[in-house]
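Trainee: could you work out the structure for the sequence below:
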Amino acid sequence: PPPPPPPPLFFLMIRRPARSTLDRSAAASDVYKRQGFGATPGEMDRYMGMDYSEVVDELLNVSGTSTMPDDVIFRMFPEYHASLGVDACANWAYRMVSTDSPLEEKIALFWHGIFATGNDKLNNPLVLLNQIDTFRRNGMGKFDDILLDLSRDPAMLIWLDNQTNHKDSINENYGREILELFSMGVGNYTEEDIKECARAFTGWSVKNAEYMALMGQKDSIWPYSRISWHYEYRQDDHDYSEKTFLGETGKFDGADIIEIICRQESTARFISRHLYNFFVEDEVQVPSWQEVPPKNPEAISTLMDAYFEHRHDLNKVLKVLFESDFFKESEYKKVKGPAEMVINVLRLSGGFEEPSLSMIQAVDEAGFMGQLLFYPPSVEGWHTGQEWITSGSVLDRVNFSSARLTDLSSPGIRDIVNRVRDRCGTDTRPDYVIQVFLELLGIIEVSDMTSDLLLEVCGGENSVIDTTIGSFDVMASNLLRVIGSSKEFHLV
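Mentor: Residues are numbered from 1 along each chain as shown. This next block holds a predicted model:
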C-alpha cells in the first residue's frame, strides 16, 4: 500500500525550537505576546527600548485605557447595542483588538474561562458584557473582592440559579461551584460544607427576576438592548442562623464564606495552578488536578507564597509570575486558544479603526475553532492546551491565519512588508529577510523544519533577495503564509 500522507505541519512534535532567529533582547516582545495578544510592530518599537521589568510594570499598572468607544460601535451598528447573540461577542472583540492595555482584556478572558457563564441559558448577552467589564476592572485585584463581585453578578446568579436559593429551600448549585470550580477544587471540602455555603448565599438574588426574564425574552425596549438584570440582597430571604463551614462556626453570610475560602491553602494552590496553566504552560485539564500533580511544583509553590505574602492581591502575584525564570523560559509550551489566536491575527493585520461586519465573522471563526465567547460548553469552561487542536480546528486555524496574514491590502500587513523592505533593501541574504519577518510577527525562535520551509520559499540559503522590487510582494505573501501555518505561530 502507498505510504500514509505526511501529518499537517501543526501535528509535528511540539518541542522547544532548535534554531534561534532573534537576539534575547526580544524578551520584551515575548512578554507582551503572552501578557496580551501579541505586539504590533509599532508597539514593539516602543517596548524594545524598555527593560523587561519596565514592560511588566507598565502592563500590570493599567491606567487610562484607550480603546474603541462603545458609542462609535453602537452608532454604526445598532445590533451591537442590542447585544444579541454573537454581536455581543464582537463588541468584546473590538475591545481586545483596539485596546492599549492588553493585559486588562487578557485577564478578563482568563476569568471568563474559569467563571464560565453561558448565554445559551441566560439569553441576555448584555449582562455578560457587564460581567466581562467587572473582570476587566477588578480581575487583577484581591481574590476576595473578585469572588465577592462574582457572587453579586446577575449573570452568574441566574447562570447557577441562586435566585432560587431560599432560606427555607436551598439551591446548592452556586454553593457547590464556587468551591469546586471557582476557588478550591474537588477534594478540599465536604458535602456539608456545600450546604452551609449555599445557606450563606440565600437572599443573594436579582431584582424582580421573573418579570425581567419575561420582558427580556420579548426584547421589550428594542433596539436599545434587552433589559439588564440587577443584583438585589433580600434580607427576608437570608438564613441568619449559625453555620459551620470548613471547620469554622458563626452566623456567616456570603461575604464571610468568601473570606474563609480565600484563606485556604487549597485556594492559593488552585488559583496559582490556573495562572500557571494560562500564562506559562499547558497543564492537564482541571478535573484531573486532584490526581495529577503540577508540571512545575516549585513554580506553584512560588505563586502560592506570593498569594499569601501579598494578602491575595493578584496584581502582585502576577508580577512575581511574569518576572520569574519559569515564565521567561517557557516559550512554546502553550497552544494559543482560538480567541487569543484570532485577536493576535487581527491586531497584526489591522483595519479595525472603524466597526466592520468582518469582526462578527472573525468571532464566528473562533467558534469554529472551538471557542465561541459567551458560549462555554459547560460550567467547567473550555478544555485548553492540545485539546484545542483537532483535525477540523487545525485547518480552520491555518486557513484563518494564512488568509489574514497574506492580505497585503490590510494596513498592518502592508506595514510589516514595508518595514522588511526598509531594513533589508537589495542584495540581502534570505536568512536575514526571514529573521526580520519573524521579529515583526513576535516570534523569537523557530524549529529547523520551519526554518527550512521558509528558506525554500526564498529560493534556498544561497539566494540573494531584492526586497525593493514589486515582485517581492509574492515572496512576502508566501513567507507570511508559511509563518501563519507554522506550529510556532500557534504556540505561545
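
Trainee: for stretch 153-165, measure first residue to last.
Mentor: Terminal residues of stretch 153-165 lie 15 Å apart, using Cα to Cα, to the nearest Å.

Trainee: list the buried residues of it.
Mentor: Judged by neighbour count using 16 or more other Cβ atoms under 10 Å, the buried positions of stretch 153-165 are 153-160, 162-163, 165. Any C-beta I mention is one placed from the backbone N, CA and C, and that applies to glycine too.

Trainee: how about the contacts made by the one residue sitting closest to the centre of the chain?
Mentor: By Cα atoms, centre = their mean, the chain has its centre lying nearest to Leu109, at 3.6 Å. Leu109 makes contacts with 96, 337, 339-340, as judged by Cβ atoms under 8 Å, 6 or more residues apart in numbering.

Trainee: shouldn't it be within a strand?
Mentor: No: with DSSP: H, G, I helix; E, B strand; the rest coil as the criterion, Leu109 is assigned helix and is not in a strand.

Trainee: and the strand or helix carrying Ile343, what does it pack against?
Mentor: According to DSSP states H and E, Ile343 maps onto helix 338-349. Counting contacts by 3 or more Cβ pairs under 8 Å, 6 or more residues apart in numbering; DSSP states H and E, helix 338-349 packs against helix 86-98, helix 102-114, helix 358-368, helix 391-405, helix 411-424.

Trainee: 7 Å - rerun?
Mentor: When contacts are defined as 3 or more Cβ pairs under 7 Å, 6 or more residues apart in numbering; DSSP states H and E, helix 338-349 sits against helix 86-98, helix 358-368, helix 391-405, helix 411-424.

Trainee: report the distance from it to the chain centre.
Mentor: In terms of Cα atoms, centre = their mean, to the nearest Å, the gap separating the centre of helix 338-349 from the centre of its chain is 11 Å.

Trainee: restrict that helix to CA atoms and write it as CSV.
Mentor: Extracted C-alpha coordinates of helix 338-349, given in CSV (Å, rounded to 0.1, in the frame of the first residue of the first chain):
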residue,chain,number,x,y,z
PRO,A,338,-8.9,30.2,19.4
ALA,A,339,-10.0,33.6,20.7
GLU,A,340,-6.4,34.5,21.6
MET,A,341,-5.1,33.4,18.2
VAL,A,342,-7.8,35.3,16.3
ILE,A,343,-7.3,38.5,18.2
ASN,A,344,-3.5,38.2,17.7
VAL,A,345,-4.0,37.9,13.9
LEU,A,346,-6.5,40.8,13.8
ARG,A,347,-4.1,43.1,15.8
LEU,A,348,-1.3,42.3,13.3
SER,A,349,-3.4,42.7,10.2
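
Trainee: could you give the angle of that helix to helix 411-424?
Mentor: Computed with axes from the mean of the first three to the mean of the last three Cα atoms, to 10 degrees, the direction of helix 338-349 lies at 60 degrees from that of helix 411-424.

Trainee: next, count neighbours for Val72.
Mentor: Applying other Cβ atoms under 10 Å, we find 15 residues neighbouring Val72.

Trainee: what about the nearest residue to Leu480 once chain neighbours are set aside, distance to Asn296?
Mentor: Closest residue to Leu480 apart from its sequence neighbours, by Cβ to Cβ, 6 or more residues apart in numbering: Leu405 at 4.3 Å. As judged by Cβ to Cβ, to the nearest Å, Leu405 and Asn296 stand 33 Å apart.

Trainee: and those two? Which one has more around it.
Mentor: Leu405 (25 against 17).

Trainee: show me the contacts for the more buried one.
Mentor: Neighbouring residues of Leu405 by Cβ atoms under 7 Å, 6 or more residues apart in numbering: 345, 348-349, 413, 480-481, 484.

Trainee: distance-wise, check it relative to Gln361.
Mentor: Distance from Leu405 to Gln361, by Cβ to Cβ: 16 Å.

Trainee: likewise for Ser463?
Mentor: Ser463 is 38 Å from Gln361, by Cβ to Cβ.

Trainee: next: Cys89.
Mentor: Cys89 sits 11 Å away from Gln361, going by Cβ to Cβ.

Trainee: Ser101 contacts Thr65, doesn't it?
Mentor: Yes: applying Cβ atoms under 7 Å, one finds Ser101 in contact with Thr65, separated by 4.2 Å.

Trainee: of the two, who's got more company?
Mentor: Of the pair Ser101 and Thr65, Ser101 is the one with more neighbours under other Cβ under 10 Å, namely 19 against 13.

Trainee: let me see the contact set for the more buried one.
Mentor: 62, 65.

Trainee: got it, and Asp427?
Mentor: Asp427 is in contact with 464, 466, counting by Cβ under 7 Å, 6+ apart.

Trainee: is it true that Phe308 touches Glu265?
Mentor: No: using Cβ under 7 Å, Phe308 is not in contact with Glu265; the gap is 8.5 Å.

Trainee: and for stretch 384-392, what's in contact with it?
Mentor: Outside stretch 384-392, the residues that touch it by Cβ under 7 Å, 6+ apart are 10, 282, 335, 337-338, 370.

Trainee: out of those, which is nearest to Asp149?
Mentor: Asp149 lies nearest to Gly337 out of the contacts of stretch 384-392, by Cβ to Cβ, at 23.6 Å.

Trainee: gap between the closest one and Gly113?
Mentor: 8 Å.

Trainee: follow-up on the earlier one: the helix holding Ile343 to helix 102-114, inter-axis angle?
Mentor: Going by the same axes, to 10 degrees, helix 338-349 is angled at 160 degrees with respect to helix 102-114.

Trainee: next, the angle from helix 338-349 to helix 86-98.
Mentor: Helix 338-349 and helix 86-98 are oriented at 50 degrees to each other (the same axes, to 10 degrees).

Trainee: ok, which pair from the contacts of Leu109 is furthest apart?
Mentor: By the measure Cβ to Cβ, Met96 and Gly337 form the most distant pair in the contacts of Leu109, at 12.0 Å.

Trainee: between those two, which is the more surrounded one?
Mentor: Counted by other Cβ under 10 Å, Met96 and Gly337 do not tie: Met96 has more neighbours, with 24 against 21.

Trainee: picking that back up, turn the contacts of stretch 384-392 into CSV, including distance to Pro377 and pLDDT.
Mentor: Formatted as CSV, those follow (distance: Cβ to Cβ, whole Å; pLDDT from 0 to 100):
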residue, distance to Pro377, pLDDT
Phe10, 22, 37
Asp282, 18, 97
Val335, 17, 96
Gly337, 13, 97
Pro338, 13, 97
Gly370, 9, 96
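
Trainee: most neighbours among those residues, which one?
Mentor: Pro338 (24 neighbours).
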